[in-house]
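Undergrad: Pasted the sequence and its predicted model underneath.
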Protein chains: 2
Amino acid sequence: MAESAKSYGQFCPVAVASELLTQRWTPLVLRELLAGSTHFNQLRRGVPLMSPSLLAARLRALEEAGVITRREGEGGRQSEYRLTQAGEELRPVIEQIGVWGRRWIQRGIKDEELDPALLMWDMQRRINIEALPARRVVVRFEFTDVERKFSLWWLVLEAGQADVCLADPGFPTDLWVTTTVRLMAEIWMGEVEFRRALGPDLVIAGPRSLARSLPDWLQLSVFAGVKPVPPGTPKTAR
Amino acid sequence: MAESAKSYGQFCPVAVASELLTQRWTPLVLRELLAGSTHFNQLRRGVPLMSPSLLAARLRALEEAGVITRREGEGGRQSEYRLTQAGEELRPVIEQIGVWGRRWIQRGIKDEELDPALLMWDMQRRINIEALPARRVVVRFEFTDVERKFSLWWLVLEAGQADVCLADPGFPTDLWVTTTVRLMAEIWMGEVEFRRALGPDLVIAGPRSLARSLPDWLQLSVFAGVKPVPPGTPKTAR
DNA sequence: CAGTATCCGATGCGATACTG
DNA sequence: CAGTATCGCATCGGATACTG
């Protein structure tokens, strides 16, 4: 594997940086690292379609480039990947790419992009625990548009920690959300406003206070606030 | 050819945008477009190692994505590629990539990256005509570290126009610059300060006023002002 | 759990030649 | 000049199985 991609043969910083940053999957791996993932399998959850060997290769390349450090965990078991300052300074790059994509690529969400596991993982990471009562809160999601096996998910939210599980965690459920993956994804991306989505495809059941505060603790994608440029906009700026 | 690269299978804007932006050569083509190139062969000069068929394919992809428009020239001869507003908004993305590369990738310029044609082309495009006398100015560059065939270059600078040629343009030369491609590239990248470089590897001959004002009209790379982070800097930010 | 090893298939892309 | 057509190889990376 490895052997860095062929060089562009130019010393221009755009070329040199692109040799690293534009390798396949690398921007998404960086997105995950910037979102806070530090372990191999956390990263995998964020890029489920990437093969583990390729992820390992990319992490090696990023380490070699000084973007991350790898620290052996206790007992040599699990490594911890952390962004260096160089890596942290890639945040504006990745963010800008996302903002541009949101503004200018107006194709909707494709069916094959609707992965409940990925969506739950993304949502979980954006949960604002502070906005929840200071006890354990369990939220059950039921997706009506996926096969039975992947239709039930639980979010277990307690002191400084949020977990997703596909199996009933055994704790009593506080809130029931019944919807489709598509609608939930559209809400999460800011394409549909939460309150307007309530209806046959989005039903919330449970204590009123918890339900009403949902938009506060279930924070949307970081790109949800970026409004797409309407298709009718004239193309040329100059 | 064509058939867009395989999708990442995620609706995240970073993923969607990356499918376009991280195709091989695309960031460099965008850099060229943003620098002002509008014709196929102008673009080729900026990415000389890219095959013409691939450049055509990338331009097609950028057009399809709404980043550029292609306008047929008179007589259907030459097309003109212009950035749309979407394309213009990629400027911060490409710039950030370059700034990051300059700050954090500290490898020097490799021998095989020293292409006098590309360097002259880049320099020509950054010439500040306003800072020159309002008449034609001809500058001859002699590079002492390349084969004879590519050692002599002329810059012809006149009213609103700058041209490079490898053949003597026939006009009287106003200024003679004798140096190496390496040193000139290092100066142009801001790695070496011009005045400090004067010596055996950089000799300027000609009228004093023109020679002294050279740093004003021969503007350096847009990344020359970005100072690399010294290698000794501690790695982790947090 | 946290990766590594291997293998093979698709395809991206470089080289070259050609055309209006 | 401004691209297009064709071809074939290299290599990237996906799938799968395996290991400490």
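TA: On my side now, so go ahead.
Undergrad: Which parts of chain A belong to which domain?
TA: In the assignment given by automatic domain parsing, the structural domains of chain A cover A:13-104, A:111-217.
Undergrad: Residue A:31 reaches residue A:25, doesn't it?
TA: No - with contact defined as Cβ atoms under 8 Å, residue A:31 and residue A:25 do not form a contacting pair (10.2 Å). Placement of C-beta: from N, CA and C, glycine included.
Undergrad: ok, these two, which is more surrounded?
TA: Under the neighbour definition other Cβ atoms under 10 Å in any protein chain shown, residue A:31 and residue A:25 were set side by side, and residue A:31 has more, 25 against 19.
Undergrad: who's in contact with whatever helix or strand the more buried one lives in?
TA: Residue A:31 is part of helix A:26-35 when elements are defined by DSSP states H and E. Contact with helix A:26-35 is made by A:20-21, A:42-43, A:46-47, A:50, A:55, A:58-59, A:61-62, A:67-68, A:81, A:83, A:87-88, A:90-91, A:94, A:97-98, A:125, B:8, B:10, B:12, B:14-15, B:18, B:22, as judged by Cβ atoms under 8 Å, 6 or more residues apart in numbering or on different chains.
Undergrad: I'd like to know which of those residues are part of strands.
TA: A:68, A:81, A:83 (DSSP state E).
Undergrad: returning to that earlier point: residue B:211 is nearest to which of the domains of chain A?
TA: domain A:13-104 (28.9 Å; Cβ to Cβ).
Undergrad: Residue A:143 and chain B, how far apart?
TA: Separation of residue A:143 from chain B (Cβ to the nearest Cβ, to the nearest Å): 16 Å.
Undergrad: quick one: that residue and residue A:179 touch, right?
TA: Yes - counting by Cβ under 8 Å, residue A:143 does reach residue A:179; the two are 6.7 Å apart.
Undergrad: what's the lowest-mean-pLDDT helix or strand in chain A packed up against?
TA: Of the helices and strands making up chain A, the lowest-confidence element is strand A:68-72, at a mean of 90, by mean pLDDT, DSSP states H and E. In this structure, strand A:68-72 makes packing contacts with helix A:52-64, strand A:79-83, judged by 3 or more Cβ pairs under 8 Å, 6 or more residues apart in numbering or on different chains; DSSP states H and E.
Undergrad: got the ones you listed as CSV, with mean neighbour count columns?
TA: Formatted as CSV, the helices and strands packed on strand A:68-72 follow (neighbours: other Cβ atoms under 10 Å in any protein chain shown):
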stretch, mean neighbour count
helix A:52-64, 16
strand A:79-83, 18
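Undergrad: tell me the phi and psi of the nearest residue to residue A:9 once chain neighbours are set aside?
TA: Leaving out its chain neighbours, the residue that sits closest to residue A:9 by Cβ to Cβ, 6 or more residues apart in numbering or on different chains is residue B:49, at 4.9 Å. Main-chain dihedrals, residue B:49, degrees, to the nearest 10: phi -90, psi 0.
Undergrad: Repeat that for residue A:101.
TA: phi -60, psi -40.
Undergrad: Tell me who's in contact with it.
TA: With contacts defined as Cβ under 8 Å, 6+ apart, the neighbours of residue A:101 are A:223, B:13-18.
Undergrad: can you tell me the helix or strand for the most centrally placed residue in chain A?
TA: Nearest to the geometric centre of chain A sits residue A:122, at 3.7 Å (Cα atoms, centre = their mean). Assigned by DSSP H and E, residue A:122 falls within helix A:116-126.
Undergrad: how about the helix or strand following that helix: buried residues?
TA: Beyond helix A:116-126 on the C-terminal side, the first helix or strand identified by DSSP H and E is strand A:137-143. For strand A:137-143, the buried set under the neighbour-count rule, 16 or more other Cβ atoms under 10 Å in any protein chain shown, comprises A:137-141, A:143.
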